[in-house]
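> Mind looking at a prediction? Sequence and model below.
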Amino acid sequence: MSTSPPDAEDHLGHVVFISAAAAMGGFLFGYDSAVINGAVTGIQQHFEVGNGTTAFVVAIALLGSAFGAVIAGRLADHLGRVRTMLLAAVLFAISGVGSMFPPGIGLLGFWRVVGGIAIGIASVIAPTYIAEVAPTAYRGRLASFQQLAIVLGITISQLANYALNQAAGGESTNHLGGIQAWQWMLGVEAIPALVYGLMALAIPESPRYLIADRREEQAREVLAEVEGPDVDLDARIAEIRAVLESAHKPRAKDLLGGRFGLLPIVWIGIGASVFQQFVGINVIFYYSSFLWQSVGINESNSLLISLSTSIINVIGTVLAMSLVDRIGRKPLALAGSVGMAVALGTAAWAFSYREGTGDGATLDQTYATVALVAAHVFVFCFAFSWGVVVWVLLGEMFPNRIRALALSVAASAQWLANWAITVSFPDLADWNLSATYAIYAGFALLSIPFVVLFIRETKGRALEEMG
C-alpha cells in the first residue's frame, strides 16, 4: 500500500468503494429480512402451522438481531471492524444453507436466529465503519449506502422470490430441482454472503480503530487514501488520538446519567430507532404477500406488488442520498413523518372496507386501489426520510467515547421494536386491519414532535465535535 496520497478523484472513488463494500452487510440485512415474505405462505402450508406459529418464526430472527446488535460494539472494538464483518458474512452463509433444509419448524426458527445475529452485527458495524472512514463533506451520502444496500437487498430478494414462485408455477410449495420453491428462496442468501466476505477482505481497517490499537502507520496510510491529498495527516492523527486518549473503553455504566437512567443522547437514539419501526414499515416487507392475500389478491400477484413497493423503496432511498448532505437530516425526517402519517391514515381508511375474514376476505377494487397507492406512498416517504436518516444519525450523533456501544444499544432497541411489530401484525390484522394501520399512523404523527424537540442536526460536523 502506497503512502503517497492519491489525487482527489481517486481518493473519493476509493472511499465510495470501501463504503459500498461495508454496506454489503446492509444488502444481506435487507435480503435476509425480506426474503421470508415470499416464503411465509410455503412455510405455513409445508409445516401446516397457523398465523401465530408463522409470526413467531418470522419474528424470532429479530430477537437474534437484537442480540447481534448488543455484541456488535464489543466485537468491533475487540476484533476490529473488518474482522467483525467477516464474522457476520460467515453467519449469514450458515443461516442461508441451514434454512434451506430444515427438518422441522423449530430448526427453521433456530437458523433464522443465526441469520438474525448476523443482521444485528451488520446493522451496527456498517454505519460505524462508514462514519469512521468517510470525509466529513461526504459522510451523509456515504452513510446512506447502508440504507441503499438494505433496500437493494429487499428488492433483489423480492425479485428472486417472484422469479422462483413463477418458475414453480405460482405456488411456493411446488418443487424446483427436487426441493420446494420457498426453500430456494431462503437458501440463495448464501451467495451474497460469500460476496460480502470477499469484499470485506478487500477494504482497509478503520483508521480510528487502528489508532486505538496503536497502529498509527497503518492509520496514516488509510487516512491518506480516504481523506484526500489536502489533508494534514499529522493533525488528523493527533486530533483522533487526543479524542481517544481522553476517553476510555466504553462500558455499560458510561451510558448512564440524567433523570431517566441513560444519557439523554442515548434515549434520543433509542427513540429514533423505535419510531423508525413503530410506523410499521417492516410489515410491508415481511408480510406484504400475506397482507395483500388477506384482502383477496392471489399469491403470485401479491409477490408482484411486493416487488413494486421494493422498487419504490429504492427510488426514495436514492432521492434521500442526494438530499441528506444538502438540506440536512432533520428536514428530511420531518417531511417523511408528515407524508407517512397521511399515507398510513389513508390506508387505514381503505382497509376499513374489507369484507370477510381469513382466506375469504375481500376488498372492493376502488378501496384496494387506494390501499395500494397509499402503501406505495408510505414506502416512498419512509425511504426518502427515516429509512436513511436514522442510520446516518446513529453513525454520527454519539460522542466518540461511547459511539460503538451507544449505537449497539440503539440498534438493539430498533430490533426489539421491529420484533414487537412483526410478531403482533398477523393477530392484529385478523382483529382489525384498519385499526392496525391507524395505530401505525398515530406513531408517524408522534414522530413529528419528537424530531422537532429532540433531533439535532449533524450535517457538516466532524465526528470529534459530537458531545
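Nice, I can see it.

> low pLDDT regions in the stretch 151-300 of the chain?
228-229, 246-252, 254, 258-259, 290, 293-299 (pLDDT under 70).

> what sits against the nearest residue to M321 once chain neighbours are set aside?
Counting by Cβ to Cβ, 6 or more residues apart in numbering, M321 lies nearest to S144, which is 4.1 Å off, once chain neighbours are set aside. Bear in mind the C-beta positions are built from the backbone N, C-alpha and C, glycine included. Each residue near S144 by Cβ atoms under 8 Å, 6 or more residues apart in numbering is listed here: T317, A320, M321, V324, V388, W391, V392.

> Mind doing that once more with 7 Å?
A320, M321, V324, V388, V392 (Cβ atoms under 7 Å, 6 or more residues apart in numbering).

> could you give the mean pLDDT of the one helix or strand S447 maps to?
Using DSSP states H and E, S447 maps to helix 403-454. Averaging pLDDT along helix 403-454 gives 88.

> Kindly report the same for stretch 55-71.
On average, stretch 55-71 scores 85.

> So what touches it?
36, 40, 43, 105, 108-109, 112-121, 123-124, 286, 408, 411-412, 415-416, 418-419, 422-423, 426.

> Flag every buried residue along the host helix or strand of L142.
For L142, the host element (DSSP H and E) is helix 139-167. Neighbour counts over helix 139-167 (16 or more other Cβ atoms under 10 Å) mark 139-165 as buried.

> Check stretch 74-94 too.
75-77, 80-82, 84-89, 91-94.

> Same question for stretch 180-192.
Those would be Q180, A181, W182, Q183, W184, M185, L186, G187, V188, E189, A190, P192, for stretch 180-192 by 16+ other Cβ under 10 Å.

> now swap in stretch 49-59 and tell me
Within stretch 49-59, judged by 16+ other Cβ under 10 Å, the buried ones are N51, T53, T54, A55, V57, V58, A59.

> Can you give me the distance of the second one to L433?
As defined by Cβ to Cβ, to the nearest Å, T53 lies at a distance of 20 Å from L433.

> which of the buried residues of stretch 74-94 lies closest to D230?
R81 (25.3 Å; Cβ to Cβ).

> Next, the contact list for that closest one, please.
So R81 contacts I125, T128, Y129, E205, S206, Y209 (Cβ under 7 Å, 6+ apart).

> what separates the closest residue to the first one other than its chain neighbours from A72, distance-wise?
This means I125. Sequence neighbours aside, T84 is the residue nearest to I125 in space, at 5.1 Å (criterion: Cβ to Cβ, 6+ apart). Relative to A72, T84 is positioned 7 Å away (Cβ to Cβ).

> Common neighbours of these two, please.
Joint contacts of T84 and A72 (Cβ under 7 Å, 6+ apart) are I121, I125.

> Looking at the contacts of S144, which are in helices?
A320, M321, V388, V392 (DSSP state H).

> can you pick the most crowded of those?
V388 (33 neighbours; other Cβ atoms under 10 Å).

> Next, count neighbours for L201.
Other residues close to L201 by other Cβ under 10 Å number 12.

> now it, nearest residue through space, not along the chain?
L86 (7.2 Å).

> Which pLDDT value belongs to that neighbour?
For L86, the model assigns a pLDDT of 94.

> Repeat that for A118.
93.

> and the gap between Q166 and G109?
28 Å.

> V274 now?
25 Å.

> And for S385?
Taking Cβ to Cβ, one finds S385 at 33 Å from G109.

> now swap in L159 and tell me
Applying Cβ to Cβ to L159 and G109 gives a distance of 26 Å.

> ok, the nearest residue to L433 once chain neighbours are set aside - contacts?
Excluding the flanking residues, the one nearest L433 by Cβ to Cβ, 6+ apart is F351, at 4.5 Å. Counting by Cβ under 7 Å, 6+ apart, F351 makes contact with A371, L433, S434, Y437.

> can you rerun that using 10 Å?
291, 294-295, 363, 367-368, 370-371, 374, 429, 432-438 (Cβ atoms under 10 Å, 6 or more residues apart in numbering).

> hmm, back to that, nearest to F260, of the contacts of S144?
Distances from F260 to the contacts of S144, taken by Cβ to Cβ, are shortest for V392, at 25.1 Å.

> pretty sure that closest one is touching I130, no?
Yes - V392 lies in contact with I130 (Cβ atoms under 10 Å); the separation is 9.3 Å.

> shared neighbours of those two, which are they?
Between them, V392 and I130 share the contacting residues R139, L142, A143, S144, Q146, judged by Cβ under 10 Å, 6+ apart.

> ok, the last one - contacts?
Right, Q146. Q146 neighbours (Cβ under 10 Å, 6+ apart): 19, 22-27, 29-30, 122-123, 125-127, 129-131, 387-388, 391-392, 394-395.

> before we move on, what about the third one?
Under the criterion of Cβ under 10 Å, 6+ apart, the contact partners of A143 comprise 19, 23, 126-131, 134, 321, 324-325, 388-389, 391-396.

> For it, which non-adjacent residue is closest in space?
V392 (4.4 Å).

> now the one you found: how far from M321?
Taken as Cβ to Cβ, the span from V392 to M321 is 10 Å.

> just A441 next, same as before
27 Å.

> swap in G96?
28 Å.

> What is whichever helix or strand comes after the helix holding L142 packed up against?
Remark: after helix 139-167, the chain's next helix or strand is strand 175-176, criterion DSSP H and E. Counting contacts by 3 or more Cβ pairs under 10 Å, 6 or more residues apart in numbering; DSSP states H and E, strand 175-176 is packed against helix 139-167, helix 181-187.

> Render the CA-only coordinates of the last one in PDB, please.
The reference is to helix 181-187. This file holds the C-alpha atoms of helix 181-187, laid out as PDB (Å, rounded to 0.1, in the frame of the first residue of the first chain):
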ATOM      1  CA  ALA A 181     -39.600 -23.000  -4.100                       C
ATOM      2  CA  TRP A 182     -39.700 -21.500  -0.700                       C
ATOM      3  CA  GLN A 183     -36.500 -23.500   0.300                       C
ATOM      4  CA  TRP A 184     -34.700 -22.000  -2.700                       C
ATOM      5  CA  MET A 185     -35.800 -18.500  -1.600                       C
ATOM      6  CA  LEU A 186     -34.100 -18.900   1.800                       C
ATOM      7  CA  GLY A 187     -31.000 -20.700   0.600                       C
END
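
> Give me the distance from it to the chain's centre.
21 Å (Cα atoms, centre = their mean, to the nearest Å).

> before we move on, what about stretch 312-325?
15 Å.

> ok, Q365 - how many residues close by?
For Q365, the count of nearby residues is 9 (other Cβ under 10 Å).

> neighbours around G261, how many?
10.

> Kindly report the same for A202.
Counted with other Cβ under 10 Å, A202 comes out at 10.

> Could you report the distance from the closest residue to it other than its chain neighbours to Y138?
Excluding its sequence neighbours, the residue lying closest to A202 (Cβ to Cβ, 6+ apart) is A21, at 6.3 Å. A21 is 16 Å from Y138, where distance means Cβ to Cβ.

> Compare those two (neighbour count), which wins?
Neighbours were counted for A21 and for Y138 using other Cβ under 10 Å; A21 has more, 24 against 15.

> Need the pLDDT of the more buried one.
Reading off the model, A21 has pLDDT 85.
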